[in-house]
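Engineer: task: produce atomic coordinates for the following.
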Amino acid sequence: MRLFYLLCTVFVLSPRAAPAAVATMQIDPRVRVNSIGFRPESPKQATVAEATDDPFRIVRIADGAEVFRGKLGPEQQTAAKDTDERVRVADFSAFKEPGRYQLEIAGVGRSAPFAIGAEVWNSSFLTAARGLYLWRCGTAVRGTWQGHTFQHGPCHLEDGWLDHVGGGHTRRPSVGGWHDAGDYNKYVVNAGVSVGLLLKAWEQFRPRIERVALDLPETGNGVPDLLNELRWELEWLFTMQLEDGRVYHKLSATKFSYWGPPDKDRDERYFAGWSSTATADFAAMMAMAARHFREFDRVFAERCLAAARLSWRYLSAHPEHVDPEQSVFETGAYTAPDKTHRLWAAAELWRTTGERAFLQEFERRAAGEEFTFLGPTWGDVRDLALGTYLEAESSKEGRDPALVARLRTQLLAQAGRIVATADAHAYGRPVGGDRWFWGVNGSVAGQAYLLHLADGVQADPRYRATAAQALSFLFGRNFHARSYVTGLGHRPPAHPHDRRGEPAWPGYLVGGGEKSGRGWVDESGDYRQNEIALNWNAALIYALAAFVEP
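Structural biologist: Got it, this is the predicted structure:
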């Protein structure tokens, strides 16, 4: 774990890790800035909640010297259901010199410390990706962070029981995978969008992240560590597939009750019935995995592809949507129409095999589909499917030119809308100020997928700049002037809804304000605003991967 500790403490920017001189500089929460920092070419803005005409200045922490001075922008009134306040924006994008700084306004105060540098996001990516390892189920985990050791022993080794799927009180081995959120259950549908986004990060940003060592038990085996970590989840997913290709929907306790270390959890855990949505997501994940593991482990890749084909054959023979039987369960339902999930499965099977039957099925299903505004979610994975189709290399012949052109145009329109929304918002929030809902921070991160996809289709520096603005919001340029990611940045969440307990395990994005920009509270009991979740973290890892400096 020494490697993990050293890598993280090199880059992380938090009060605990800052130089001693910072302690004498008073931080005022009215000066709201991304407390991790900025790459030199990225936009650099802070939002100031004070009516003042005084200039702002950037002060170097090492010696207190002023290095940049600027004028605040005009006053803006945020919407009543947003943050309902008058604010001004400090723009210092022109300043690019690497170092550690604070933003100061006379009569108001100073911001949290931040850095400027090419590698400023490396530690945050490492910590968030390392969080997947710390979420492992069925094994002991251990990590050290800022003087605390986080660990638990092997957990949930009795997974799971077949009582509610017609198998009686019989155990079917299903150990492994990742815990889903603040609870310890395991859900195939939420794994779908999560594995999908993580493999998209690998596809799009491999040169940036393939050498990042996560200090895993598997590190050094010749396989890049992000794929090593994904395999832990994929091996569990194999246990959820039935002999005919159907896939059990989830493996969980019947209700949320236990709170404590996962290795002390004695609640019995059961399989829920199969669903067509879980089966489609399974086929998509396995097809993607086959494509990316092929160069590292051909036998495993072929196993993935065979499993994907088996599930697809069942879906093809049974076109009706099937919800899982969950009447005895009070845990997360994760039910959603299977339409976009079947679309995604067809796209990934085509991309992996090049077989025309999969292409034809995708294009038939994609005829009326469009990219979303908020990015992929567990309930709607069309953005992953459509992105796979657009990203296919030029050697993939046979795509419908009219469909390609329509999807390309519509993607660029949505990306432009995201850029405009962020530009118009006082905090650079790309979802805008009128969207507040359970898990909205995951969508703030998830929009980065649409932006980078659009940038690959038609390069535009605004897309990458807006993706950077999204990270700025999540790491401190927000109403609370706090990071929304545990262990990272200024005053990160200390009390997330996480049954592993406190101190907060590092590297996890909390859901954020549900009803307004003011509403978030750092309380462990508030699962609607302060829970952590696999899909939100996958979106965060994807968003960070784009800015890792190799």
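Engineer: now the strands for the stretch 51-200 of the chain?
Structural biologist: For the stretch 51-200 of the chain, the strands defined by DSSP state E, counting those that start in this stretch occupy 56-60, 66-70, 76-77, 86-91, 99-105, 109-110, 114-116, 141-145, 148-152, 186-187.
Engineer: need the winner for burial among those strands.
Structural biologist: Highest mean neighbour count among the strands of the stretch 51-200 of the chain (mean count of other Cβ atoms under 10 Å): strand 186-187, with a mean of 28. Backbone N, C-alpha and C define where each C-beta goes, glycine included.
Engineer: make JSON lines out of the strands of the stretch 51-200 of the chain and add mean pLDDT and distance to residue 456.
Structural biologist: Putting those into JSON lines (pLDDT from 0 to 100; distance: least, Cβ to Cβ, whole Å) gives the following:
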{"stretch": "strand 56-60", "mean pLDDT": "98", "distance to residue 456": "33"}
{"stretch": "strand 66-70", "mean pLDDT": "98", "distance to residue 456": "33"}
{"stretch": "strand 76-77", "mean pLDDT": "96", "distance to residue 456": "33"}
{"stretch": "strand 86-91", "mean pLDDT": "98", "distance to residue 456": "28"}
{"stretch": "strand 99-105", "mean pLDDT": "98", "distance to residue 456": "32"}
{"stretch": "strand 109-110", "mean pLDDT": "96", "distance to residue 456": "39"}
{"stretch": "strand 114-116", "mean pLDDT": "98", "distance to residue 456": "26"}
{"stretch": "strand 141-145", "mean pLDDT": "96", "distance to residue 456": "34"}
{"stretch": "strand 148-152", "mean pLDDT": "97", "distance to residue 456": "36"}
{"stretch": "strand 186-187", "mean pLDDT": "98", "distance to residue 456": "30"}
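Engineer: out of these, flag the one nearest residue 127.
Structural biologist: Checking these against residue 127 by Cβ to Cβ gives strand 141-145 as the closest, at 7.6 Å.
Engineer: now the strands of the stretch 51-200 of the chain as JSON lines including distance to residue 468?
Structural biologist: Output for these, formatted as JSON lines (distance: least, Cβ to Cβ, whole Å):
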{"stretch": "strand 56-60", "distance to residue 468": "18"}
{"stretch": "strand 66-70", "distance to residue 468": "19"}
{"stretch": "strand 76-77", "distance to residue 468": "20"}
{"stretch": "strand 86-91", "distance to residue 468": "14"}
{"stretch": "strand 99-105", "distance to residue 468": "17"}
{"stretch": "strand 109-110", "distance to residue 468": "22"}
{"stretch": "strand 114-116", "distance to residue 468": "12"}
{"stretch": "strand 141-145", "distance to residue 468": "25"}
{"stretch": "strand 148-152", "distance to residue 468": "29"}
{"stretch": "strand 186-187", "distance to residue 468": "31"}
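Engineer: what stretches of the stretch 301-450 of the chain score poorly on pLDDT?
Structural biologist: 394-397 (pLDDT under 70).
Engineer: how about residue 531, phi and psi?
Structural biologist: Note on residue 531: its backbone torsions stand at phi -80, psi 160 [degrees, to the nearest 10].
Engineer: list the contacts of it.
Structural biologist: Residues in contact with residue 531 (Cβ atoms under 8 Å, 6 or more residues apart in numbering) are 181-182, 496-498, 510-511.
Engineer: one more time with 7 Å
Structural biologist: 181-182, 496-497, 510-511 (Cβ atoms under 7 Å, 6 or more residues apart in numbering).
Engineer: how near is it to residue 484?
Structural biologist: Here residue 531 is placed at a distance of 12 Å from residue 484 (Cβ to Cβ, to the nearest Å).
Engineer: residue 29 now?
Structural biologist: Distance from residue 29 to residue 484, by Cβ to Cβ: 15 Å.
Engineer: again, but for residue 70
Structural biologist: 27 Å.
Engineer: tell me, what's touching residue 531 and residue 484 both at once?
Structural biologist: Shared contacts of residue 531 and residue 484 (Cβ under 7 Å, 6+ apart): residue 510.
Engineer: how is residue 348 assigned, secondary-structure-wise?
Structural biologist: Under DSSP: H, G, I helix; E, B strand; the rest coil, residue 348 falls in the helix class.
Engineer: residue contacts, it?
Structural biologist: The contact partners of residue 348, by Cβ under 7 Å, 6+ apart, come to 284, 287-288, 388.
Engineer: from these, which would you call buried?
Structural biologist: 284, 287-288, 388 (16 or more other Cβ atoms under 10 Å).
Engineer: looking at those, which is nearest residue 340?
Structural biologist: For those, the nearest to residue 340 is residue 284 (10.3 Å; Cβ to Cβ).
Engineer: which other helices and strands contact the top helix by length along the chain?
Structural biologist: As assigned by DSSP state H, the longest helix anywhere in the chain is helix 401-424. In terms of contacts (3 or more Cβ pairs under 7 Å, 6 or more residues apart in numbering; DSSP states H and E), helix 401-424 is packed against helix 382-391, helix 440-457, helix 461-474.
Engineer: make TSV out of those and add distance to residue 360.
Structural biologist: Converted to TSV, those look like this (distance: least, Cβ to Cβ, whole Å):
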stretch	distance to residue 360
helix 382-391	12
helix 440-457	23
helix 461-474	31
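Engineer: below-threshold pLDDT in the stretch 451-550 of the chain: ranges please.
Structural biologist: Within the stretch 451-550 of the chain, no range satisfies pLDDT under 70.
Engineer: sorry, back to before: so which of the contacts of residue 531 comes closest to residue 446?
Structural biologist: Nearest member of those to residue 446, counting by Cβ to Cβ, is residue 511, at 12.6 Å.
Engineer: I'd like the contacts of residue 348 laid out as TSV, including distance to residue 173 and secondary structure.
Structural biologist: Below are the contacts of residue 348 laid out as TSV (distance: Cβ to Cβ, whole Å; DSSP: H, G, I helix; E, B strand; the rest coil):
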residue	distance to residue 173	secondary structure
284	24	helix
287	24	helix
288	25	helix
388	32	helix
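Engineer: adding distance to residue 339 as columns, could you present those residues in TSV?
Structural biologist: What follows is the contacts of residue 348, written out as TSV (distance: Cβ to Cβ, whole Å):
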residue	distance to residue 339
284	13
287	18
288	19
388	16
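Engineer: which one of the residues you listed is nearest to residue 544?
Structural biologist: Checking the contacts of residue 348 against residue 544 with Cβ to Cβ, the nearest one is residue 288 at 20.0 Å.
Engineer: quick one: contacts for the closest one?
Structural biologist: 196, 199, 348.
Engineer: tell me the confidence at it?
Structural biologist: For residue 288, the pLDDT comes out at 98.
Engineer: likewise the one 3 residues further on?
Structural biologist: pLDDT, the model's per-residue confidence, is 98 for residue 291.
Engineer: I'd say it and residue 350 touch.
Structural biologist: No. Assessed by Cβ atoms under 7 Å, residue 291 is found out of contact with residue 350, at 10.7 Å.
Engineer: neighbour-wise, which of the two wins?
Structural biologist: residue 350 (25 against 20; other Cβ atoms under 10 Å).
Engineer: that older thread, now the contacts of residue 288 as CSV including distance to residue 544?
Structural biologist: Listed next are the contacts of residue 288 as CSV, based on distance: Cβ to Cβ, whole Å:
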residue, distance to residue 544
196, 17
199, 15
348, 24
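Engineer: what is the nearest of these to residue 139?
Structural biologist: Nearest to residue 139 out of those is residue 199 (Cβ to Cβ; 22.2 Å).
Engineer: now for residue 270: which residues touch it?
Structural biologist: Residue 270 sits in contact with 160-161, 163-164, 254, where contact means Cβ under 7 Å, 6+ apart.
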